[in-house]
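*Asks:* Have a look; sequence and predicted model below, questions after that.
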Amino acid sequence: MRFFATQFSKARLRLLISSVFLGVPVFVYSFNILKTSNLKEETPMPASRSEVAVQDRWNVEALYQTSDSWKADLALAKGQERSPKWPDLAQFKGRLKDASSTVSLIDSYLSLQRRLEKLYAYAHLRLDEDLGNDTFKSGFGQISSLLHEFSLETSWIEPELLSLDQKQWDHLLADASLVPYRFHLEKIARMRPHTLAPEQEQLMALSGQALDAASKAFGALNNADLTFQAAQDSKGQEHPLSNGSYLTYLNSSDRTLRRTAFEHLHRGYESHANTLCELLQGQVQGHLFVARSRNFDSCLKAALFPHQVDPAVYTNLIQAVRRRLPLMHEYVALRKKLLKLSDIHVYDLYVPIVQEAEVKMSYEEARDAVVASVAPLGAEYQKALQRDW
């Protein structure tokens, strides 16, 4: 996706998924949220999605009631077979010095972009249900290819906007009809030194899928193909190990379980060390290609510049952490003492060292608590959060 996200900053559409139909932020792991002092009391993880109660599954039907309705919308979004696929966008080429044409282009662009994002979100969620399902992989592949075509066919927009001289640009931004989009247009203007000619931008768009290959290959390996030897607790009982259960086991008071989970997970990755090295190399080469193509001095600057972050912020953060490493050493020594360990390892860093009150609630209770917590943001915000729940 380009234009408002800009071609320099690939905002992954995966971040859209949770907000589209759950209305909540993207979830991140918290090391000490999951308490596993007694694994026997936990509800066993279902072997397949079909075993999960319907009310506990994500509501993909909020996007499309059936896969057939998704396919129908995909067919409508595909545009023409011949080029241009989307003439409603192409008709504005060469006309962006005019404010009314620019507004019409933006409106048409955003309308199509939202439709494609919705299609992508549904296909991505379906694929996440079962990464080995060929039907889901096919659907995700179709919308991913369409997004690539969309990026390619709209690659002319930013170069044309930036080809305007300063007087034309200032006149465009001063138009009242463009007030809602002024911030985004100013972001595009900031990228002027790193925007290429239209033909070069088209080549950059063509390279998008190839540059994503390493990342996609790692995702397939990490999420579908890679398996791990089961972890074992101090009683010899085996526990299925996955990326999802790993942090749960690291919070366990059973050190044997923590150690075997750590060793078996990393042993699984080590068994694919050569493949992972090549994938990492491919990712690095992709970053180098983009940075050099767009006239950045480094990959770091290429990553930070679109977000208006000075590289000094990045380097100062690293320096600040290094200056405070003695405090981390003190903390680890304290953790070792409180856990009564003769030696301490990485797998000992996440288990709670103090007794905390255990809070248990059902999904429904947690949902209502989240809605109640955002009351200061207003009833309209709460209503949006509750949508499709």
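*Replies:* Happy to help now that I have it. What you see is a predicted model; the values in this text were computed from it and never measured. Numbering: from 1, shown residues only.
*Asks:* these two touch, right, Met361 and Val370?
*Replies:* No. Met361 is beyond contact range of Val370, at 10.8 Å (criterion: C-beta atoms under 8 Å). For glycine as for every other residue, the C-beta is placed from the backbone atoms N, C-alpha and C.
*Asks:* Can you give the contact residues for stretch 75-90?
*Replies:* Leu105, Ser108, Tyr109, Leu112, Arg115, Leu116, Leu119, Leu146, Glu149, Phe150, Glu153, Thr154 (C-beta atoms under 8 Å, 6 or more residues apart in numbering).
*Asks:* Need the contact partners of stretch 156-165.
*Replies:* 2-3, 6-7, 93-94, 96-97, 102, 105, 109, 169, 172, 185, 188-189, 191-192, 195-198, 201-202.
*Asks:* ok, Met361 and Val370, which is more surrounded?
*Replies:* Neighbour comparison, Met361 and Val370: the larger count goes to Val370, with 16 against 10 (by other C-beta atoms under 10 Å).
*Asks:* Which strand or helix spans that one?
*Replies:* Element membership for Val370, per DSSP states H and E: helix 363-373.
*Asks:* for that helix, packing partners?
*Replies:* helix 379-386 (3 or more C-beta pairs under 8 Å, 6 or more residues apart in numbering; DSSP states H and E).
*Asks:* Could you give the average pLDDT over the helix it packs on?
*Replies:* The average pLDDT for helix 379-386 rounds to 90.
*Asks:* what residues are up against Asp56?
*Replies:* Neighbours of Asp56 in contact, by C-beta under 8 Å, 6+ apart: Tyr363.
*Asks:* Residue most distant from the centroid, this protein?
*Replies:* Ser342 (40.2 Å; C-alpha atoms, centre = their mean).
*Asks:* helix or strand right after whichever helix in the chain runs longest?
*Replies:* In the chain, assigned by DSSP state H, the helix with the most residues is helix 99-129. On the C-terminal side of helix 99-129, the nearest following helix or strand under DSSP H and E is helix 134-153.
*Asks:* and the angle from that following helix to helix 99-129?
*Replies:* Helix 134-153 runs at 160 degrees relative to helix 99-129, counting by axes from the mean of the first three to the mean of the last three C-alpha atoms, to 10 degrees.
*Asks:* got a list of contacts for helix 134-153?
*Replies:* 1-2, 7, 13, 67, 70-71, 74, 77-78, 83-86, 89-90, 112-113, 116, 119-120, 123-124, 126-127, 129-131, 202, 205-206, 208-209.
*Asks:* Now a PyMOL select for only the buried ones of the residues you listed.
*Replies:* Buried residues among the contacts of helix 134-153 (16 or more other C-beta atoms under 10 Å), as a PyMOL selection:
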select buried, resi 1+2+7+13+70+74+77+78+85+86+89+90+112+113+116+119+120+123+124+126+127+202+205+208
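*Asks:* What residues does Ser215 make contact with?
*Replies:* Gln283.
*Asks:* May I ask which helix or strand encompasses it?
*Replies:* helix 213-220.
*Asks:* Just the buried residues of that helix, please?
*Replies:* So helix 213-220, judged by 16+ other C-beta under 10 Å, has buried residues Ala214, Ala217, Phe218.
*Asks:* same thing with stretch 284-301?
*Replies:* Gly286, His287, Val290, Ala291, Arg294, Phe296, Cys299, Lys301.
*Asks:* can you put those in CSV and add distance to Tyr181?
*Replies:* Formatted as CSV, the buried residues of stretch 284-301 follow (distance: C-beta to C-beta, whole Å):
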residue, distance to Tyr181
Gly286, 30
His287, 30
Val290, 26
Ala291, 28
Arg294, 23
Phe296, 26
Cys299, 30
Lys301, 27
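*Asks:* Next step: those residues restricted to helices.
*Replies:* Gly286, His287, Val290, Ala291, Cys299, Lys301.
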